[in-house]
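Peer 1: starting from these lines, generate the structure:
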Amino acid sequence: MHREPVELQGQTRGGSARADLSIGAGDIVALLGSSGCGKTSTLRMVAGFEDITHGSISIAGRDVSRLAPAARGIAMAFEGYSLYPPMTVRENIGFALQSARVATEEITSRVDAMANMLAIESILDRYPSSISGGQQQRAGLARALIREADLHLLDEPMGQLEPQLRALLRGRIKHYLKERGSTAILVTHDQTEANALADRIAVMENGILQQYGTPGELRDRPANLFMGTFVGEPPMNVLTAMPVIEGERVRLLLDGDVTLDYPLGDFSVAIRDILASSSSIAIGIRPHAVRTGASGTGACIVVNQWLGDQSHLAVEFAGTTVVAVAHERVPGTRGDTVHIAFSPDDLHWFDAENGRALAHGRETADPAGGLIADPANGPTGGRT
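Peer 2: Below you'll find the model as predicted:
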């Protein structure tokens, strides 16, 4: 089936969510953020359950901004399940196909296949009131996925499932959507789910789209300090420094009289220019990039956890807590000294005042930082 992209440029009534993004045909996009950030409001705006004050929503080449939900060509799995109580699970899943006058044999075949994919084949003849919340959620998801639609909207579709089942179904659902070339928007607060299912992720905070990109782009080139600390587990470490360039050395003066000292040649010309023009700068470094060993700057161990395949080490350093992740056991217990070091190529540089990304490693960030200028608060939202 030929499918066209989804274009969203709008703001919900009252300004609770603002977004400007384009979703390619056949793409799976995750709206990711903490509770109350505006992701479900955005999904409801696309579905037509919440009015927009301005902007437009285009699905498969049609402006659907003022159309009723039923006329938008969407299929939606609600977080609240919304199954029909008088119908069996089988009847709920096949309802849309029956309404479209699909042959009974085909309905049976497709419902059986969908139930098998979502591991609910044993409850097809039961009623919603007699099954668990997780089973109800999968039944609602099956009812949405079985439909032919220009756009599938999935609101926290696996929030009630145990981790092992979620991991299994993520792969099955993504394969199903990709095999059919379906376009989908997924709402989730789970970064693992977003990374596993989505081609691109739109991160929201305070009703504003912060950044929109591939999982790799969000991790390696965060648009602002919020993105750096929100995406990734454990979160990015952040230090505030006063940069000083003296001769052939670069010194980063941190809190607690801690100094990081590097040869000037470890930094690209672009990074040197940024440091030379900054009296204060925020430095971000991923926990996996914090090196522990015999060399580096001393830090005091607060917590040292071995998780079976990784050491997670929290240390007091420069007036804050820095987390390091190593793939081998790191010796030491609480109160011991360990040496840590940061490679310049692993550092992310942010404006200390507004949090806008300045550079990542040796490369400068996009001049716009991937942000939309918010007249009231400065640059805070994302643009594709």
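
Peer 1: just for the stretch 251-384 of the chain, where's the confidence low?
Peer 2: The stretch 251-384 of the chain contains residues with pLDDT under 70 at 367-384.

Peer 1: can you pull out the helices in it?
Peer 2: In the stretch 251-384 of the chain, the helices defined using DSSP state H, counting those that start in this stretch lie at 269-276.

Peer 1: and the strands in it, which stretches?
Peer 2: 259-263, 281-285, 291-293, 297-306, 311-317, 320-326, 337-341, 348-351, 357-360, 363-364, 371-374, 378-382 (DSSP state E, counting those that start in this stretch).

Peer 1: likewise the stretch 51-200 of the chain?
Peer 2: 52-59, 62-63, 74-77, 151-155, 184-188, 200-205.

Peer 1: please enumerate residues in contact with the last one?
Peer 2: I take that to be strand 200-205. By C-beta atoms under 8 Å, 6 or more residues apart in numbering, the list of residues contacting strand 200-205 from outside reads 17, 19, 21, 23, 27, 29-34, 37-39, 42, 194-195, 209-215, 218, 226-227, 230-231, 382. Where you see a C-beta, it was placed from the backbone N, CA and C, and this is true even at glycine.

Peer 1: neighbouring strands - and their directions - for it?
Peer 2: Strand pairing for strand 200-205, determined by DSSP bridges: strand 28-32 (parallel), strand 208-213 (antiparallel).

Peer 1: worst mean pLDDT among these?
Peer 2: Among the strands paired with strand 200-205, strand 208-213 has the lowest mean pLDDT, at a mean of 92.

Peer 1: just checking, next helix/strand downstream of that strand?
Peer 2: Scanning forward in sequence from strand 208-213 by DSSP states H and E, the next helix or strand is helix 215-220.

Peer 1: before we move on, the earlier item: turn the strands paired with strand 200-205 into TSV, columns for distance to residue 82 and mean neighbour count.
Peer 2: Compiled in TSV, the strands paired with strand 200-205 are given as follows (distance: least, C-beta to C-beta, whole Å; neighbours: other C-beta atoms under 10 Å):
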stretch	distance to residue 82	mean neighbour count
strand 28-32	19	26
strand 208-213	27	25
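
Peer 1: to residue 305, which of those lies closest?
Peer 2: With C-beta to C-beta as the measure, strand 28-32 is the member of the strands paired with strand 200-205 nearest residue 305 (26.4 Å).

Peer 1: so where's the stretch 51-200 of the chain uncertain?
Peer 2: Scanning the stretch 51-200 of the chain for pLDDT under 70 picks out 81.

Peer 1: and if we set it to 90?
Peer 2: Residue ranges of the stretch 51-200 of the chain with pLDDT under 90: 51-55, 60-61, 78-82, 157-161.

Peer 1: for it, just list every one of the helices.
Peer 2: Here the stretch 51-200 of the chain has its helices, by DSSP H, counting those that start in this stretch, at 89-99, 104-117, 133-145, 163-179, 191-197.

Peer 1: show me what counts as buried in the last one.
Peer 2: Going by neighbour count (16 or more other C-beta atoms under 10 Å), the buried part of helix 191-197 is 191, 193-197.

Peer 1: ditto for the fourth one
Peer 2: Taking 16+ other C-beta under 10 Å as the basis for neighbour counts, the residues of helix 163-179 that come out buried are 166, 169-170, 173-174, 176-177.

Peer 1: how close does residue 205 sit to residue 57?
Peer 2: 21 Å (C-beta to C-beta, to the nearest Å).

Peer 1: same check, this time on residue 328
Peer 2: Distance of residue 328 to residue 57, computed by C-beta to C-beta: 50 Å.

Peer 1: which one's more surrounded, the two?
Peer 2: Ranked by neighbour count (other C-beta atoms under 10 Å), residue 328 and residue 57 place residue 57 first, with 23 against 10.

Peer 1: domain assignment for this protein?
Peer 2: 6-226, 234-364 (automatic domain parsing).

Peer 1: tell me the most buried of those domains?
Peer 2: Per residue and on average, the most neighbours among the domains of the chain fall to domain 6-226, with a mean of 19 (mean count of other C-beta atoms under 10 Å).

Peer 1: quick one: contacts for the residue sitting furthest away from the middle of the chain?
Peer 2: Most distant from the centre of the chain: residue 247, at 42.2 Å, with distances by C-alpha atoms, centre = their mean. By C-beta under 8 Å, 6+ apart, the contact set of residue 247 is residue 264.

Peer 1: tell me how far it lies from residue 150.
Peer 2: To residue 150, residue 247 is 62 Å away according to C-beta to C-beta.

Peer 1: cool, residue 225 as well?
Peer 2: Between residue 225 and residue 150 the distance is 37 Å, computed by C-beta to C-beta.
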